[in-house]
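Asker: give me a model of this one.
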Amino acid sequence: MLNGSGIKIFTGTSHPELAEIIARRIGLPLSKAEVTRTGIGETQVRIQESVREDDVYIINTGCGAVNTTLMELCIMIHACKIASAKRITAVIPLFPYARQDKKDKSRAPITAKLVANMIQKAGCDHVITMDLHASQIQGFFDVPVDKLYAEPSAILYIRTHFDLNDVVIVSPDAGGAKRVTSIADRLGVDFALFHKERKKANEVSRMVLVGQVKDKIAILVDDMADTCGTLCLASQHLSEAGATKVYGFVTHGILSGNALKTVSESSLEKLIVTNTLPQAENQAKCGKIEVLDIGKVLGEVIRRSHYGESVSKLFHEVPY
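Answerer: Alright, predicted model coming up:
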């Protein structure tokens, strides 16, 4: 718990509930800032208290109207910078444009790099984020980036809710193999993965299961679920391969389009997501959604960052 000297925590409009959880964990009230829109849609920010020589944390996540929340973040950073804040940290649980991380076709932009440049140019000194879709995004910044993981929270949840003798951890694609092998090794259980072929983006044409899931509880693990097509198709294949039950664990539950309907009609028992994005509305619409709170992890990393303590311990364990 912090004593409030020299630290200010602000939130944009994307996820004020998470900001409240983080502030409660730290033991400080949220600092006052007014974020409004003009008639033509421009964002206006007014920081309503002094930040001179303070350690400032600005919480905004990449959801909803992503472009609006990104501009909010940059404008709030800039406002604090020219108000003489000592250090400004952007807390971005879901990094916007993280899937546009490479030039995968002719004349394609690397938008994640552009976003990193914007955030730095606005005056950011430090970034805290969670489960980046592509690790190389850390290298797009010239300021320190603390990339946190939902893995310790996932491991704790699995340990407390399942008999590990019955569990197999599954990746819905080959790209997530490193993530599932790490979790499976720490739990001492088996893992499996799917090889998938895509004809076009967001549309899977064929999935091949590699590994044994018969008579096991299969837990699909991924960093984000958008349309949930791959996740639900994978759960169907796992059921057909003899899995007794199938659960999904996802860090960022974007759940766009018909995702909630797809999840409701799928063979998934539950889809467990963290609250890096607001989930109250999704939970109300779909009974299979369960939310894990990562606010205390983000709160603890802010506390450690402020006092100059090591953050690496949080890569492997959940704070009390």
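
Asker: biggest helix in the protein, by residue count?
Answerer: In the chain, taking DSSP state H as the definition, the longest helix is helix 66-81.

Asker: which stretches of this structure have low pLDDT?
Answerer: Filtered on pLDDT under 70, the chain yields the residue ranges 1-5, 197-205.

Asker: 80 instead, please
Answerer: Residue ranges of the chain with pLDDT under 80: 1-5, 196-206, 320.

Asker: could you list the domains of it?
Answerer: 7-149+295-315, 151-292 (automatic domain parsing).

Asker: reformat the ones you listed as a markdown table; add mean neighbour count.
Answerer: The C-beta positions use only the backbone N, C-alpha and C, and glycine is treated the same way. Formatted as a markdown table, the domains of the chain follow (neighbours: other C-beta atoms under 10 Å):
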| stretch | mean neighbour count |
| --- | --- |
| domain 7-149+295-315 | 18 |
| domain 151-292 | 18 |
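
Asker: I26 and V91, how far apart?
Answerer: I26 is 12 Å from V91, where distance means C-beta to C-beta, to the nearest Å.

Asker: on that earlier part again, can I get the longest helix of the chain in CSV? Just the C-alpha atoms.
Answerer: Taking C-alpha atoms only, helix 66-81 is exported to CSV below (Å, rounded to 0.1, in the frame of the first residue of the first chain):
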residue,chain,number,x,y,z
VAL,A,66,-9.9,1.9,-29.9
ASN,A,67,-8.8,5.0,-31.9
THR,A,68,-10.6,7.2,-29.4
THR,A,69,-9.0,5.5,-26.3
LEU,A,70,-5.6,5.7,-28.0
MET,A,71,-5.9,9.4,-28.6
GLU,A,72,-7.1,9.8,-25.0
LEU,A,73,-4.0,8.1,-23.7
CYS,A,74,-1.7,10.2,-25.8
ILE,A,75,-3.4,13.4,-24.9
MET,A,76,-3.4,12.6,-21.2
ILE,A,77,0.3,11.7,-21.3
HIS,A,78,1.1,15.0,-23.1
ALA,A,79,-1.1,17.0,-20.6
CYS,A,80,0.9,15.5,-17.7
LYS,A,81,4.2,16.0,-19.5
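
Asker: next SSE after that helix?
Answerer: Downstream of helix 66-81, the next assigned helix or strand under DSSP states H and E is strand 87-92.

Asker: what's H15 in contact with, if anything?
Answerer: If you count contacts by C-beta atoms under 8 Å, 6 or more residues apart in numbering, H15 has them with I59, N60, T61, C63, P93, N275, T276, L277, P278.

Asker: what is the most widely separated pair among these?
Answerer: Maximum pairwise distance in the contacts of H15, criterion C-beta to C-beta, is 14.3 Å, between N60 and N275.

Asker: now do the strands in this protein.
Answerer: Counting by DSSP state E, the chain has these strands, from start to end: 7-11, 33-37, 43-47, 55-59, 87-92, 126-130, 145-148, 167-171, 190-200, 203-210, 217-225, 245-253, 268-274, 289-292.

Asker: which residue packs closest to A108, ignoring adjacent ones?
Answerer: Q100 (7.8 Å; C-beta to C-beta, 6 or more residues apart in numbering).

Asker: and the one you found, how far is that from V115?
Answerer: 9 Å.

Asker: before we move on, what about R46?
Answerer: According to C-beta to C-beta, R46 stands 24 Å off from V115.

Asker: related to what we said a few turns ago, for S106, find the nearest of the strands of the chain.
Answerer: That would be, of the strands of the chain and by C-beta to C-beta, strand 190-200, which comes in at 16.5 Å.

Asker: quick one: contacts for K270?
Answerer: Contacts for K270 (C-beta under 8 Å, 6+ apart) come out as Y247, G248, K288, I289, E290.

Asker: ok, those vs D173, which is closest?
Answerer: G248 (13.4 Å).

Asker: quick check: closest non-adjacent residue to A134.
Answerer: A134 sits nearest to D101 (C-beta to C-beta, 6+ apart), 3.9 Å away.

Asker: show me what contacts the one you found?
Answerer: I110, A112, K113, H133, A134, Q136, I137.

Asker: now T43
Answerer: Contacts of T43 (C-beta under 8 Å, 6+ apart): V35, T36, R37, T68, M71, E72, I75.

Asker: closest to V213 among the residues you listed?
Answerer: Checking these one by one against V213 (C-beta to C-beta), the nearest turns out to be T68, at 42.1 Å.
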